[in-house]
Each structure stands twice: as structure tokens, then as C-alpha cells.
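S.K.: Structure for the following, please:
(chains A, B, C and D)
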Protein chains: 2
Amino acid sequence: MKKKVSIKDIAAQLNISITTVSLILNGKAKEVGLRDALAEKVLKHAEEVGYKPNLLAKSLRTGKTKIICLLIENIADPFFSSVAAFVEEQANLRGYKIIYGSTKNEPGKTRELINLFKDRHVDGFIIAPSENLEKDIKSLLSENVPLVLFDRFYETISTDQVVIDNFESAYKVVELLIDRHYKNIAFITLDSSQTQMADRLSGYLKALNDYGLKAQSHVKKILYSKVEQDAFNEIMELVKSNPQLDALFFGTSYLTLKGLEVLNELGIAIPQDMGVVSFDDHAVFKLFTPSITAVAQPVAQMSEQLVNLLLEQIDDQTSSRIKKQIVVPAILHVRNSLKAK
Amino acid sequence: MKKKVSIKDIAAQLNISITTVSLILNGKAKEVGLRDALAEKVLKHAEEVGYKPNLLAKSLRTGKTKIICLLIENIADPFFSSVAAFVEEQANLRGYKIIYGSTKNEPGKTRELINLFKDRHVDGFIIAPSENLEKDIKSLLSENVPLVLFDRFYETISTDQVVIDNFESAYKVVELLIDRHYKNIAFITLDSSQTQMADRLSGYLKALNDYGLKAQSHVKKILYSKVEQDAFNEIMELVKSNPQLDALFFGTSYLTLKGLEVLNELGIAIPQDMGVVSFDDHAVFKLFTPSITAVAQPVAQMSEQLVNLLLEQIDDQTSSRIKKQIVVPAILHVRNSLKAK
DNA sequence: AATTTTACTTAAAACGTTTTAGATTACTTT
DNA sequence: AAAGTAATCTAAAACGTTTTAAGTAAAATT
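M.R.: Got it, this is the predicted structure:
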């Protein structure tokens, strides 16, 4: 109803200059030496007329939007949506809002989103990068755009980043499986060269190797874009044609869900006939019968680090700032999808 | 690296006016009668120098940001995150971006978010409103801010809204339970007067009444803010102190998860000793053993309607436009958490 | 030859801020 | 009395657009 009041209106109403009003509203009264009485008068008046600064104008002038862009695979994925929730909380606490985009893990889509949000002058990016995005990330860095990668990163680029210890976690999972007397462990993962998947695979292979089970390795790779469509069938095929398998280690939680469907359908008993471990925990894994053993990412902690790193960059735009690589340890939740020792 | 080029730069480089450049870049060349040759020249030059309009300036001038604000309970909740994913997709398709906020279902937080995003000049709101937000919604409406409610609404306010048929769906669930020979059906729900919960409760009570089971009704209400903390214990208490209960109907999926934990812990067999139905489906319900019967909201369809309604409003800001109330039918997925007929 | 029309083009205001570089007045100090 | 110094305040530019209301020159009409 009532039209918005601007600084100009206030200045006119109080018969003072726009500059004075702006200075006072920005708390610079003391600093530049304006009378306390005047400052109070302006503040009071602004309050009364319900002054709300036009943030677009402010942003245009200052170049800051107080908006952070979060680029993730898919907001409907439980891992990413919980990252989003924590990042939102941390950002809000520090005066920032979140705008997000789902990349579907496609370089083209991601690139497009980056450009769109750059055009919108977001103050910084938190990105779970897809493959083949090196050039784009480099270009952002060269433009000094604040930026933190998470979940995966690029060996060839020095960025601020927050990831978990994928290699070690996968290694430990395999050790655990071996300890529980599983010998033929398959690894079902994404067909992806992204660091997080590569490291999980390496951890799996190294452990098998170290324990003399190299010959029994079995790796099934599924394209991210084909998971919904093909994963069920591919896992079915894997299990059927390799009756010697006694454990399945899944590279992501959505693959685990597909795998559980398969085992269900085949009537294969967990943990007797097949041990199951999931990389990435899921709210319901502890509710399954049997409950599912999983590697959990400490999402709250990661999110806090992400926002910290990004705001550090935003506050210190000098290119001399040293990039930080943070590795947080994942947590292995041992549940009933494994035989007892 | 290279600084951004503006319309002003292009005008200077080509020795023409800013107006001309702007007109051409906005495709109004024909309309105002600029020479084709000139238009082409400008377009070509803009392309070459990599001109990107400053969207902040554009928004300041036009008052449009092409950003939609999505206010939901919690982005980490599977129902809301999947709405977010679909809304994002639909919005993107039509040139809009999404900025979101988690209300935690708290009026204070919601109010704050609305104001913050209004200050940011979002073009419209899609809101799952908390209780006690009538005044705020009314105030938005009176300011002619484009707005669609979903999941719940206010009886006392005429808004555009998209909801499911909560009453009918709940009624049908109870009918189904009765048909499967359950007689002592408890309804575990939120302690909330929001329409979606009120309607589910009414459906439950009406069905019991219609089938002569009024005396056996059992309603347990849990505060939204206390779900994480208390739900498990409260449900445990309910089940323990009412041994006659033979079915549990949960008002939301997160309550169902808590309930399943309880039944698990107590070793109560589903569906023999206890039938279970969930309002709101969950990606994993079909994977549980037994799989869980649930009322699924057609999220894709709802999201599309939401974006449609909002853009209709944005494109037709006349206050004469008639508000639309859309009710989409929910889908009952009957699974193994119920005895056979 | 004067007037009107047509075909193009643009100056300048406006959106609402922040900030630089003074301006003004009054009070001290020499 | 002149000069310096505080103490307050502000004019105007700038951020990068869009859009209103004209302006200009050439061609067409009288």
C-alpha cells in the first residue's frame, strides 16, 4: 500500500542532506563527526516511517549482495539437502542468504549456473564440482571470485576445499569386511573420475591388495546419469553372475538403496549371505532390518568449515591469501548388515 | 581479470548513444525503428566484447529480479527438498532462479525471512506457511506481492494455493485399515492447527465415526519443535500403555520413522501385531521389510502448479485476478505393512 | 518554398544507494 | 586582526541500467 520511503525522502522531511542520512543510517555518524542529537533524530525518524534500504541499490553501489551461491548435484539428494540446511544456517547467522542450483553433475549445466549467478553478483560460491570443470574454476579463481569446493576437488588446481578422507574410509570399510570374514567383496560405484569416487575406489583396491585379496576384486561402475534407469539391473546382473560374492560395498547411498532392492528381490539374506556397507549414511539406514553399516560424512562440521572458508575469502580478497584444504574424518557406523566377528 | 564492459562502453566504442545500445540489446530495435544494419553491428560488437548486463542495475531500474523465494519448513526434509528440486526445475525453465529459506515452522523465523526477501525484491513467494502467519500473509497480499501457499493455507484468507486432499486421503487410509481387520487405530500427528494436519485428523475421526469405531479413537499429538527430542518416547509410551492398539497411522513421514524405531525396539511385528500407514511417502518406504504403506503427494505435479500460479500472478499484477485454489489428489501406495484382506 | 511526414537517433531523468572531496561556520591561537 | 583548526554538514559523482520525450535530417507533400 504505502510506497517505500527512501533516503531521499528522509533527507527532505528532515531538511538535511542525503549524505548525512546515509552516513547516520550506516552507523558512521561518530566516525565522521555528526552531532549525536542529529543522529538520534534521523534514526528515530527512519524507524517511524519504516525505512527499509533498497538492497538492490545498495548492492549496485557497493558490489556486494550478501548472497552465497550453493551449487550441488541435486537438492533432493539427502546428503546435499542436509549440507544445504547446515550451510543455510551458518550463512544466515553471518548475514548471508543462500541461492542454490542443482547441477545434475553435468558440466554444461554447472557452467551455465556459475555464469548465471556470477551475473547476479553473488558474493561467493560453494560448489560440489562436476567433472571437466577445471577451466571454469580456474577462470573464477583468476577473477578472484571467492570460492570453496566440497565433496570433490581438482588435483591440478589449488582451491579452498572441504572434503572427507575418502581413501582411508574406504580402506577401513574393506578391513572391517575382511575382519568379519567376507572374502569376495564387490565395489559398486559411479563411473566417474571425480576425486571422491576415485579415492574410494583406490582405498578399496589398496585394502584388497594389502590383504592378499587382489584377485577377488570386483568393481561395477554406473554412470551418474543412468543410476535411476540402470542401476537396479546392473547390480542384479552383477550379483547373479557372480555367485561367489559375499559382500557389497556401495560407493554412494543411492546406489546402496538400489542394491538393497536387488537383494530384496533375490531373497538374499543380509548379513548371512551378503554383507552390505554403504558409503554415505542415510537417515533410514539404522531403521532397516537389518540396519545398514555406513560411512557417515560429518555434514554439520563440513558445512561450518565451508562457510568459514568462504567468508574468510570474502573478507580478505587479497590474492596473497593462502588456500586451505580441509579434510574432515568420516565416521564409520557399524550396524547389523555385517556378520559378527 | 578484464573489467566488465557496460552499455556505456559499447556506446562510446561505437560512437552512438546509450539509449540506442540499450534498445537494440533488448530487442526493441525493430519496434522503435532503428536500422537493421546498426542493430546487427551493435549485437555483433556486444558479443565480441563479451557484454553481460549488470542484473543488479537492471533490477534496480525495472523492479524485477527474476528471483522466486521458496519458504519451506526445512530443506533437509525429503518432502520439502523434493518440492524444492521440482520448483527449481520449473522456475529455471521459465527464466527464474530460486532463493530459499527454512522456516523451521516458526512464525517468527518465517516473518523474518519474508521481510528479508521482500527487501531483496524477490518477484514472488512460494510459502508453506507456519501457524499464526495470517497477518503477514494478508499484508503481503495487500501490497500485491505475488504469492502462492502450499501444503497448508488459511481458511480465513483467499490466496492462490496448492494442496492435496488431506481429509479424503486420511479417510481412505482408515477405511483401508478397517478393511484389513484393524480395529484399534491410533493417529500420531503434529500438535498443530495447520490445515493439512487438521484435515488429516478430521478424516481419521470421521472415518472411525462412520464405521462405528468412534470409541476406539486414539490421537497422539507431538509438537513439531519437539519431534527429534520427544517423538520416540511419546510413541513408545502410547504403544506400551495401549496394548489393545493394532494399527498406527502417522500424520507425517518423519513421525513414521520414529514410530518404526519404536516398533523395532519393542519387537512388535508388522503387519501381524501392528498395521502401519504413513502420511507422506518416503523414498525408502518401499525398501523396508515389510514395505510401508503410505499416502504419497504428487510432488512434481504440485510443483508445476505452484510455479504456474506464481508466474500467472507475476505476469498479471491486476488485483482483479481471481485466486485459484488447487487440490491435487494424493496417491495411496498400499504395501506390506498391512495384513492381507 | 514552406510544410508535413518519415525514418532514425538520443539527452537526460530515474531507480536508491555510497562515498569523495569539499564547504561552511565558529572557535582558537598567534 | 589574521590565520589556523575544529566541528559539522553536504554537493555531486558514481554504480549500470531503462525509458520518456524529443531532436534531427531527409524525403514527401502541398
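S.K.: Only C-alpha atoms from now on, for both contacts and neighbour counts.
M.R.: Will do.
S.K.: Next, the distance between the ends of stretch A:201-221.
M.R.: 10 Å (CA to CA, to the nearest Å).
S.K.: typo on my end, stretch A:212-219
M.R.: 17 Å.
S.K.: OK, contacts around residue A:42?
M.R.: A:10, A:14, A:21, A:24, A:25 (CA atoms under 8 Å, 6 or more residues apart in numbering or on different chains).
S.K.: so the fourth one makes contact with residue A:44?
M.R.: Pointing back at residue A:24 there. No - the pair residue A:24 / residue A:44 is not scored as a contact, 11.1 Å apart, by CA atoms under 8 Å.
S.K.: Which one's more surrounded, those two?
M.R.: More neighbours surround residue A:24 than the other of residue A:24 and residue A:44, with 23 against 12 (other CA atoms under 10 Å in any protein chain shown).
S.K.: Is the more buried one in a helix, a strand, or coil?
M.R.: What DSSP: H, G, I helix; E, B strand; the rest coil gives for residue A:24 is helix.
S.K.: do the helix or strand bottoming out on mean pLDDT in chain A and DNA strand D meet?
M.R.: Ranked by mean pLDDT, DSSP states H and E, the helix or strand of chain A with the weakest confidence is helix A:29-32, at a mean of 90. Yes - counting by CA under 7 Å from any atom of the strand, DNA strand D has neighbours in helix A:29-32: residue A:32.
S.K.: Residue A:162 touches residue A:329, doesn't it?
M.R.: No - judged on CA under 8 Å, residue A:162 makes no contact with residue A:329 at a distance of 10.7 Å.
S.K.: the more surrounded of the two?
M.R.: residue A:162 (25 against 16).
S.K.: bridging residues for that one?
M.R.: residue A:150, residue A:326 (DSSP bridges).
S.K.: For residue A:120, give me its contacts.
M.R.: B:54, B:55, B:56.
S.K.: how much space between residue A:134 and DNA strand D?
M.R.: 27 Å (CA to the nearest atom of the strand, to the nearest Å).
S.K.: From residue A:110, how far off is that residue?
M.R.: 12 Å.
S.K.: and these two? which has more neighbours close in?
M.R.: Taking other CA under 10 Å, residue A:134 and residue A:110 do not tie; residue A:110 has more neighbours (25 against 17).
S.K.: Double-check that that one belongs to a strand.
M.R.: No - judged by three-state DSSP, residue A:110 forms no part of a strand; its state is helix.
S.K.: Report how many residues lie close to the residue lying closest to it once chain neighbours are set aside.
M.R.: Excluding its sequence neighbours, the residue lying closest to residue A:110 (CA to CA, 6 or more residues apart in numbering or on different chains) is residue A:103, at 5.0 Å. Applying other CA under 10 Å, we find 23 residues neighbouring residue A:103.
S.K.: before we move on, what about residue A:31?
M.R.: With other CA under 10 Å as criterion, residue A:31 counts 9.
S.K.: sorry, back to before: helix or strand next in line after the least confident helix or strand of chain A, which one?
M.R.: Later in the chain than helix A:29-32, the nearest helix or strand by DSSP states H and E is helix A:36-48.
S.K.: So what touches stretch A:145-159?
M.R.: A:123-129, A:134, A:138, A:140-141, A:160-164, A:194-196, A:306, A:309-310, A:313-314, A:317, A:323-325.
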